[in-house]
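Trainee: How does the following fold in three dimensions:
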Amino acid sequence: MFRLFNKSKPFKIRGFSENKKYGVAAKDMKELLKKGCKLLQVPSSGAQVCLYEDGTVVTEDFFLTLPDDTELVLLSQGQTWSGVVCDIGQLLNTDRHADSLIDAAKELLCDEKSSKKRKILSDLLRNLDDRSEMESREDDKAWFTGVDVRFKTKSAYMKFNCQSRIRSYMKEVNEATRTAEKARVRAELLKASKCFTEMLKEANYNGCYFDRTEKESERLCTQEGWFTCQGSFDEKSCPSLHSINPYGSRESRIVFSTWNLDHRIEKRRTIIPALLDALQNRKSSSINLDYFYQLLFTRENLKLVHVVCHKKGAHGLSCDAEKIFSSESKPKRRRT
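Mentor: Sure thing, here's the model as predicted:
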């Protein structure tokens, strides 16, 4: 009696890596799998059907509840489907649809009112319009708009950008030499400052941090130029997973300038005052300048953070008292 009323239902089915959908009618799961495998040329052994929307596997009982024209995906043995996310991943993993995606995103953005959707579309556009594989000024002139003509490659400019930030930290040390009250302290701090400058020159002002052509162990980005936020000073990683590729476009390059190389142990509040205090009754030669160099200029104490993750309040971290003074007459020289 049941089979008299068990009519075939229409579905739209597609393969795992295909965008084209096919119409198929079936009265039960067995028939659906048989027709789907034949239509899409998928081996029947281990094959299964799931909902396109969220990847829910369609069982015999679930089949009976499905409305007409439900969109389905046919999977071969070992394949999994996570829903619409899979489609997005496949689209972004190929350049074949990049131009179409850019045009579609721009069209949607023009009429979109939701701020959340606008942000998603804007971020998508920025990342799709990626020219990070291009390195020279000649190949990507738009990226170099506003950049001094002496820079012929993106990596050279990014190295200079990092060096400029490190040099600004050195300026603050030099400023402290002029504000120290005691002449003797000023003289010793000046010696320390000269030593820091020598170490920085030897390390090329640690410009390697932003240079994607440097060794993996020395740069802060991937070989393609992607930087990942390392989280605020009191976190092990960034909870929001902020990332950016300043090599990709002029806009991303400019936005990256708002990211901070943040001192965990603070430069103005803690490190420089600690150095001044240590020099009150001692010569610079008895101070562990290598330790202060690491705190001021290297990844030992610097974290690259998105502007949102940059906490401007007092960090409350102090220098290690046992490391401030050194038994060595000269500091060790380090690159990073």
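Trainee: So what's the residue count around Ser257?
Mentor: Per other CB atoms under 10 Å, the neighbour tally for Ser257 reads 11. Placement of C-beta: from N, CA and C, glycine included.
Trainee: partner residues bridging the residue most central in space within the chain?
Mentor: In the chain, the centroid-proximal residue (CA atoms, centre = their mean) is Ser243; its distance is 2.3 Å. With DSSP bridges as the criterion, Ser243 is bridged to Thr228.
Trainee: which residues in this protein form strands?
Mentor: For the chain, the strands defined by DSSP state E cover 9-15, 22-26, 48-51, 70-75, 227-228, 243-244, 260-263, 302-305.
Trainee: Run the chain-centre distance for the first one.
Mentor: Once both centres are worked out by CA atoms, centre = their mean, to the nearest Å, strand 9-15 turns out to sit 39 Å from its chain's centre.
Trainee: Check which helices and strands the longest helix along the chain sits against.
Mentor: Using DSSP state H, we find that the single longest helix of the chain is helix 154-179. Secondary-structure packing of helix 154-179 (3 or more CB pairs under 8 Å, 6 or more residues apart in numbering; DSSP states H and E): helix 183-202, strand 260-263, helix 272-278, helix 289-297.
Trainee: Show the contacting residues for the residue nearest to the centre of the chain.
Mentor: Trp226, Phe227, Thr228, Cys229 (CB atoms under 8 Å, 6 or more residues apart in numbering).
Trainee: And Phe292, by the same measure?
Mentor: Ala192, Phe196, Ile271, Ala274, Leu275, Ile324.
Trainee: swap in Gly78?
Mentor: Residues near Gly78 by CB under 8 Å, 6+ apart: Gly46.
Trainee: Distance of it relative to Leu72?
Mentor: Gly78 sits 18 Å away from Leu72, going by CB to CB, to the nearest Å.
Trainee: now do Phe62
Mentor: As for Phe62, its distance to Leu72 is 11 Å (criterion: CB to CB).
Trainee: Give me the more crowded residue out of these two.
Mentor: Counted by other CB under 10 Å, Phe62 and Leu72 do not tie: Leu72 has more neighbours, with 22 against 13.
Trainee: Read off the pLDDT value for that one.
Mentor: At Leu72, the predicted lDDT confidence score is 93.
Trainee: which non-adjacent residue is nearest it?
Mentor: Excluding the flanking residues, the one nearest Leu72 by CB to CB, 6 or more residues apart in numbering is Ile13, at 4.6 Å.
Trainee: Return the residues in contact with that neighbour.
Mentor: Per CB under 8 Å, 6+ apart, neighbours of Ile13: Lys21, Tyr22, Val24, Leu32, Gly36, Leu39, Leu40, Val49, Glu71, Leu72, Val73, Leu74.
Trainee: Quick one: neighbours of Cys309, just the number.
Mentor: As a measure of burial, Cys309 has 21 neighbours, counting by other CB under 10 Å.
Trainee: care to break the protein down by domain?
Mentor: The chain breaks down by automatic domain parsing into domains covering 2-86, 98-128, 154-324.
Trainee: quick one: the longest helix of the chain to helix 183-202, angle?
Mentor: Counting by axes from the mean of the first three to the mean of the last three CA atoms, to 10 degrees, helix 154-179 lies at 170 degrees to helix 183-202.
Trainee: Now do helix 154-179: distance to the chain's middle.
Mentor: For helix 154-179, the distance to the chain centre is 23 Å (CA atoms, centre = their mean).
Trainee: taking the mean pLDDT, what do you get for it?
Mentor: 95.
Trainee: in that helix, what's buried?
Mentor: Buried residues in helix 154-179, counted by 16 or more other CB atoms under 10 Å: 154-163, 165-166, 169-170, 173, 176-177.
Trainee: repeat for stretch 235-251
Mentor: Neighbour counts using 16+ other CB under 10 Å place Cys238, His242, Ile244, Asn245, Pro246, Tyr247, Gly248, Ser249, Arg250 of stretch 235-251 among the buried residues.
Trainee: low-scoring stretches of the stretch 201-336 of the chain, by residue?
Mentor: 326-336 (pLDDT under 70).
Trainee: residues in contact with stretch 211-230?
Mentor: In contact with stretch 211-230 (CB under 8 Å, 6+ apart) are residues 132-133, 154-155, 158-159, 162, 208-210, 237-238, 240-248, 256, 259, 299, 303-306, 309, 335-336.
Trainee: could you redo the last one with a cut-off of 6 Å?
Mentor: With CB atoms under 6 Å, 6 or more residues apart in numbering as the test, stretch 211-230 has contacts from 132, 155, 158-159, 208-209, 238, 242-245, 247, 303-306, 309.
Trainee: Could you tell me how many residues sit around the closest residue to Glu133 other than its chain neighbours?
Mentor: In space, Glu133 comes closest to Glu224 once its chain neighbours are excluded; the distance is 7.6 Å by CB to CB, 6+ apart. Neighbour count for Glu224, taken as other CB under 10 Å: 12.
Trainee: next one: Cys319
Mentor: Applying other CB under 10 Å, we find 19 residues neighbouring Cys319.
Trainee: quick one: contacts for it?
Mentor: For Cys319, the contact set (CB under 6 Å, 6+ apart) comprises Ala274.
Trainee: And Gln280, how far from Gln294?
Mentor: Using CB to CB, Gln280 is found at 22 Å from Gln294.
Trainee: same check, this time on Asp61
Mentor: In this view, Asp61 and Gln294 are 64 Å apart by CB to CB.
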